[in-house]
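Peer 1: Got a predicted model here, sequence first, then my questions.
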Amino acid sequence: MNQIFQVIRHYIFLFIIPCTLTSSKVPFYRVIFKIKDHNEVYEIHELGISIEEIKDNWVVTKVNEEEMRILIAHGYKLERFIEPPIKTNGYHSYVNMVAKLDTLTILYPDITNKFSIGQSLEGRELICLKISDNPEVDEAEPEIRFIGIIHGNEPIGCELLLNLADTLLLSYSNNEYLANLVDNREIFIIPMINPDGREMGWRYNASGEDLNRDFPVPDSSIGGDANWEYEPETSALINWADTMNFTLSATFHSGARVVNYQWDYTHEIPPFHSLIREISKGYAIRNDSMFNSPDPSYADSGVIRGSEWYIITGSLQDWSYHYTDCIDLTVELSSEKWPDSSLIPELWRQNKNSILYLIEKAGTGVNGIVRDGETWEPVYATVSVSGYDKVIKTDPIVGDYYRTLLTGSYDLTFAAPDYCTLTIYNLLVYGDSTQILNIELVPAGTTYVEEPKNLSINISSEIVTQPFIVTLGIPETDIYTLSIYDLAGRKIKEIFKNRLYQAGYYNEEISVRAIPEGIYFLMLNPQNRIGITRKISIFDY
Ligand SMILES: [Zn+2]
């Protein structure tokens, strides 16, 4: 049997002593029991029992007296579960972790910002370290979030995140790749989201709640914690994340060695399933031990969809993806929950490139800034991809968005209240590179019919594919001609000639079929005044 379950077990529940709690919640019992085959985990879920962990067909969880009776009535032989002793030597306690972050902010004030997102039940600050250039400012850069110790007895994540902070900060002045990540990303690290649980050396927070069963469930059900209240740690994370615009995130656990992705709560496939799986595999493949010998062994290439393992409700990753549109991964780092601290350097070596990969990945696909075409102010808009039931939103302060995608051709739609919806058709995206697509949305309604001040040609991106949309700003009624010229000044194509426009904005679809790839100019000429040009790069595929 695996080391985690090498514990003294006592039969029948009369001997099981309830865990003492600091709050008045119902007492619970930690139990372990054997199942015959994996499908039983779904039957147990149907019985209303929330599974904590499963290993080699041994299930560990906490139950109240009624749940205990239900399990016994269904033939399960419950035994008392006792955690293996923990060896805190060589691990950062809460105080040591805070001191470490304090030191880093003193040593690297220009690229760090330390703040608290709230307090734990026992009043410990939930500390976050932001690493980025201009760390006090919300810039147009992808935001990435890493969280450690949501389960108080799974401390490796905290150690890896402190190693990550050290690596990024120490290497900023002499490693171009890492400096680039710091300059072009906003990296948020919360080493201990459950400091009370860590200090108590157990899975739960100080009121005995499993924080990874405490988040709102996408189907609005009550969740594995069986109550509607949110613990202070959960509320703090929700309230803070709602003000942010995370693209990718990961929470670190231990007790297995696998990347677990959405959904946990249902067998349904999440929107952008292939993309999420690919990003998860991108993590696992950079970690030999995870990719080649995942735990559970039936994981595929070191990754597993949560519900294929066992269903849980109220998980952080389900909440993140459903409610904040952030692709959030649950990374299980080590089969042993609390390994000897001498193994930390090796665990960091195994996971370093995977974590850096996630940071880099957050800026790939299509991204840009959505602005008001007239005022140039950022617009809080939705970005949707045709055929996928999941929108992302721009950052309301900066207007930036990051749509990670697999390589392919997509129709992207940008929409915001009071603006004309804009769709960019047949956008070719390379999943591992970055395509900038800045958008100018034209105000709808009264603003739309307002006369533009200047003649203008607005295109979402200088790089255009077949066909593309331009927005013409017409300041006064006249007869207009729109043509394409090459760099030598030759007219290649006339889009239209002598067309009468009233003052206003007009979207026109332009076909560039049969025009070779290259750089050209769009020229818009009124009959009675000087025209304007706009550079375009025609990209054929
Ligand atoms: Zn865990």
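Peer 2: Ah, there it is.

Peer 1: Residues of this protein that sit close to the ion?
Peer 2: Counting by CB under 5 Å from the ion, the positions of the chain adjacent to the ion are 151, 154, 253. Every C-beta, even on glycine, is put in place using the N, C-alpha and C of the backbone.

Peer 1: how far away is the residue of the chain positioned farthest from its centre from residue 121?
Peer 2: Seen from the C-alpha centroid of the chain, the residue lying at the greatest distance (CA atoms, centre = their mean) is residue 528, 52.9 Å away. From residue 528 across to residue 121, the span is 73 Å (CB to CB, to the nearest Å).

Peer 1: What residues does residue 35 make contact with?
Peer 2: 41, 44, 54, 57-59, 76 (CB atoms under 8 Å, 6 or more residues apart in numbering).

Peer 1: Tell me which of the residues you listed fall in strands.
Peer 2: Where the contacts of residue 35 overlap with strands, as defined by DSSP state E, the overlap consists of 54, 58-59.

Peer 1: And the helices in the stretch 51-200 of the chain?
Peer 2: Ranges of helices within the stretch 51-200 of the chain are 65-73, 94-107, 156-171, 176-184, 195-200, based on DSSP state H, counting those that start in this stretch.

Peer 1: Next, the buried residues of the second one.
Peer 2: Looking back up the chat, that one is helix 94-107. 94, 97-98, 100-101, 104-105 (16 or more other CB atoms under 10 Å).

Peer 1: residue ranges with poor pLDDT in this protein?
Peer 2: In the prediction, the chain carries residues with pLDDT under 70 at positions 1-25, 445-451, 541.

Peer 1: can you list the domains in it?
Peer 2: Using automatic domain parsing, the domain parsing of the chain gives 3-80, 94-258+287-299+323-361, 364-450, 451-541.

Peer 1: looking at these, which is buried most?
Peer 2: For the domains of the chain, the largest average neighbour count (mean count of other CB atoms under 10 Å) is found in domain 94-258+287-299+323-361, namely a mean of 20.

Peer 1: ok, now which ones touch the closest residue to the ion within the stretch 51-200 of the chain?
Peer 2: Ranked by CB to the ion, the top residue of the stretch 51-200 of the chain for proximity to the ion is residue 151, at 3.7 Å. Each residue near residue 151 by CB under 8 Å, 6+ apart is listed here: 194, 197, 203-204, 210-212, 253.

Peer 1: again, only this time at 10 Å
Peer 2: The contact partners of residue 151, taken as CB atoms under 10 Å, 6 or more residues apart in numbering, are 52-53, 157, 193-194, 197-198, 202-205, 210-212, 251-255, 337.

Peer 1: ditto for residue 104
Peer 2: For residue 104, the contacting residues are 111-112, 114, 129, 131, 162, 165-166, 168-170, taking CB under 10 Å, 6+ apart as the criterion.

Peer 1: Also residue 389?
Peer 2: Going by CB under 10 Å, 6+ apart, residue 389 touches 270-272.

Peer 1: three-state assignment of it?
Peer 2: Following DSSP: H, G, I helix; E, B strand; the rest coil, we place residue 389 in the coil state.

Peer 1: pretty sure residue 140 is touching residue 368, no?
Peer 2: Yes. Residue 140 is within contact range of residue 368, at 8.6 Å (criterion: CB atoms under 10 Å).

Peer 1: Overlap in contacts, those two.
Peer 2: Contacts common to residue 140 and residue 368, judged by CB under 10 Å, 6+ apart, are 394, 399-402, 438.

Peer 1: Most widely separated two among the residues you listed?
Peer 2: 402 and 438 (12.9 Å; CB to CB).

Peer 1: what residues are shared contacts of those two?
Peer 2: Shared contacts of residue 402 and residue 438, defined by CB under 10 Å, 6+ apart, are found at 140, 367-368.

Peer 1: Sitting in strands, which of those residues do you find?
Peer 2: With strands taken from DSSP E, the overlap with these comprises 367-368.

Peer 1: Give me the distance from stretch 408-426 to the chain's centre.
Peer 2: Between the mean C-alpha point of stretch 408-426 and the mean C-alpha point of its chain there is a distance of 22 Å (CA atoms, centre = their mean, to the nearest Å).

Peer 1: ok, the residue lying closest to residue 505 once chain neighbours are set aside - contacts?
Peer 2: Closest residue to residue 505 in three dimensions, ignoring its sequence neighbours and counting by CB to CB, 6 or more residues apart in numbering: residue 442, at 4.9 Å. Contacts for residue 442 were tallied using CB under 10 Å, 6+ apart; they are 372-374, 419-422, 448, 452, 458, 471, 473, 504-507.

Peer 1: my read is residue 234 is in a strand, agree?
Peer 2: No. With the criterion set as three-state DSSP, the secondary structure at residue 234 is helix rather than a strand.

Peer 1: I'd guessed it sits against residue 228; true?
Peer 2: No. Applying CB under 10 Å, one finds residue 234 not in contact with residue 228, separated by 11.7 Å.

Peer 1: Can you check which residues contact both of those two?
Peer 2: residue 216.

Peer 1: Tell me how far the top helix by length along the chain lies from the chain's centre.
Peer 2: What stands out as the longest helix in the chain, according to DSSP state H, is helix 344-361. Relative to its chain's centre, helix 344-361 lies at 17 Å (CA atoms, centre = their mean).

Peer 1: Which elements pack onto it?
Peer 2: strand 143-147, helix 156-171, helix 176-184, strand 186-190, strand 246-253, helix 273-285, helix 288-292, strand 327-334 (3 or more CB pairs under 10 Å, 6 or more residues apart in numbering; DSSP states H and E).
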